[in-house]
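Visitor: Requesting a structural model of the entry that follows:
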Amino acid sequence: MKLQSISTTTAIQASLPKHDLKGQSLAVIGLGKSGLAAVRLALARGASVLAIDQNENLDPFERNPLFEKHNNVKTILGHFDNNLLKDVDTVVVSPGVPPEAYSLSSLLQLVVTSELDFAAEVLPVCTKILAVTGTNGKSTVATFAGQMLNHLDIKTFVGGNLGIPLSEVALQCLESTPESPVFEASSALLAFYSPSHYIGTVISIVTDFVVEVSSYQLEIAHKYFSPSVAVILNLTPDHLERHMTMENYALTKCRILSHMSNSKMGILPLGNQHLNDAVRSSANDFNLAWIGAFPGVRINLEAKVASFRIPAVQGFSELQLSALKTIGTHNYHNAAVAALSVIGLDIGIDAEAISSTIGKLKVPPHRMEIVHTDNHGVIWVDDSKATNIEATCTGLMGLKGQKSVILLGGVAKVLRTSLSLVFWVAVTLEFLNFKKVEWTLNYNTALVIRSVNSHTQIALASWILHSLGREYLIRQGSSGFERLLEHLICHRGIVTFGYSGMMIQKTLSTNGLSIPCIRATNLEDAVKQARSMTTSGNLANAFMTTVGQY
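Guide: Just a heads-up that it's a prediction; the model follows:
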């Protein structure tokens, strides 16, 4: 059962004095949300800050109300020259910045660190950190783990690559005192970083951290980021435009394990050769658990039961997952891995305690999220944050046999060789402006639902199709969607976008779903072909995809 966690007063206080960088000059490269948080943290630590980004359209921090009390920050936008760093002691690199973009490897005289490690140096030494990485599922597993802990009254920060950057909570730890051990995020900060539902509510007292970590955050070797539990969920081809090879990708992911001792636990998927090779190259001696084997977790999907065996601990325990209210069979895996991770923190929480939280778990926004259920039992599912083929197909297979409309989305990914155009979709809707995208999604969803809510068969409709003749569809109130879906009445059909369609078709076929493919160069052509196939009776189980440049 759940035992008392560590002292909240001790936990919240930073491991460093507030002005430990006083008199030093620090550069932060990349001024997205992580860069902004790193600048704030650096200023709080007493450094003078040079804020750098090649995007000349950004607003200088000197105009940002968050920095109105600081006169020791200077923003440089647009052209970058290494001479700008001649008087700098340390360079902090945001995760969105490829190291080669600023020739950082040539700066041998400087300390170059990642935003993740810069924040970790400040975090309280006695807190527990659960870190989650992987190609797919890391946001959901991190969210589930955080919800489990918070539902069990272990006040937990959930962030990092997901929502609020780690540097922001490190700053709050730095500014806390024993008399005021409080993590507070202003409404302005919450609006900048993400919707507030990413962290549930403002956390009053933080004792533990669940940190989602991307491969970009692990590119630069770290010294201070040392999780108590580190999870690598999976590894499939992604981000290869940055990492070049799967071997490099695996080595980068495994850096999350690089400062783990034998008192800590690493969790890896069973049977991934790239990860196995990368782990063998590590000299670290930590407890290893597996997803799919003991020690670790095994999942029985038919019985909806997860079985656990913790390394170096006798016996095993079971967790009933049937109370899980999220959709998709893959979420049983996500919940099971999250539970294993929480148990591995060794803070007195076991499977029996976690069982009370399973029915309360909610997926993050835009990840197999139910947004509507019509009166015929057809559910509308928003999976628009799936950013690669494997993630999309995992969601689709989890809905096998379910009457559904799934709203797809994604971010352009440039893969090498024959997959160079896989899943480039709606680059203008990269889900960086959450409020705008949520409005767009809700607006179009409502219109489409009104036109097809009597359907009882599956129509897998990509809401990003409105980027095909975007302005026209907006003016016509999404009539393009309606006309296309008219021809899917009483048929099981899938509509998607780009070469991803062919890849999804291939994967589904491998899993026992044979779906023909319609190829069109624009929306009108897709409608025409759909009408033709409906007339001829060949639309049943049709897979529709549009290809070409828009």
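Visitor: and residue 269, how many neighbours?
Guide: Neighbour count of residue 269, defined by other C-beta atoms under 10 Å: 19. No exception for glycine: its C-beta is placed from N, CA and C like everyone else's.
Visitor: quick one: contacts for it?
Guide: Going by C-beta atoms under 8 Å, 6 or more residues apart in numbering, residue 269 touches 232, 233, 234, 235, 275, 290, 291, 292.
Visitor: Which of those residues ranks first by neighbour count?
Guide: Ranked by neighbour count (other C-beta under 10 Å), those have residue 232 at the top, with 26 neighbours.
Visitor: ok, now how distant is that one from residue 257?
Guide: In this view, residue 232 and residue 257 are 8 Å apart by C-beta to C-beta, to the nearest Å.
Visitor: Could you do residue 82 as well?
Guide: Remark: distance between residue 82 and residue 257 (C-beta to C-beta) = 32 Å.
Visitor: Which one's more surrounded, those two?
Guide: residue 257 (23 against 12).
Visitor: How much space separates that one from residue 40?
Guide: Taken as C-beta to C-beta, the span from residue 257 to residue 40 is 29 Å.
Visitor: Same check on residue 61?
Guide: Taking C-beta to C-beta, one finds residue 61 at 10 Å from residue 40.
Visitor: Mutual contacts of these two, please.
Guide: Shared contacts of residue 61 and residue 40, defined by C-beta under 8 Å, 6+ apart, comprise residue 67.
Visitor: Please spell out the segments of the protein that come in under the pLDDT threshold.
Guide: Confidence mapping of the chain against pLDDT under 70 gives the ranges 1-18, 105-108, 177-206, 237-244, 282-283, 371-382, 384-393, 395-550.
Visitor: How is it divided into domains?
Guide: 22-109, 119-360, 369-546 (automatic domain parsing).
Visitor: gap between the two ends of the longest one?
Guide: End-to-end distance for domain 119-360, by C-alpha to C-alpha, to the nearest Å: 31 Å.
Visitor: now the first one
Guide: Distance between the two ends of domain 22-109: 20 Å, counting by C-alpha to C-alpha.
Visitor: Kindly report the same for stretch 310-328.
Guide: For stretch 310-328, by C-alpha to C-alpha, the gap between its terminal residues amounts to 26 Å.
Visitor: List the buried residues for that stretch?
Guide: Counting neighbours by 16 or more other C-beta atoms under 10 Å, one finds that the buried residues in stretch 310-328 are 310, 311, 317, 319, 321, 324, 326, 327, 328.
Visitor: List the contacts of the fifth one.
Guide: The neighbours of residue 321, taking C-beta under 8 Å, 6+ apart as the test, are 299, 304, 305, 306, 332, 335, 336, 358.
Visitor: now swap in the fourth one and tell me
Guide: By C-beta under 8 Å, 6+ apart, residue 319 lies in contact with 305, 306, 307, 308, 336, 339, 351, 354, 355, 358.
Visitor: Which residue comes closest to the last one once chain neighbours are left out?
Guide: This means residue 358. Counting by C-beta to C-beta, 6 or more residues apart in numbering, residue 323 is the residue found nearest to residue 358 once chain neighbours are left out, at 4.5 Å.
Visitor: ok, that neighbour to residue 141 distance?
Guide: 18 Å.
Visitor: same question, residue 123
Guide: 21 Å.
Visitor: Same check on residue 47?
Guide: Computed as C-beta to C-beta, the residue 47 to residue 141 distance reads 34 Å.
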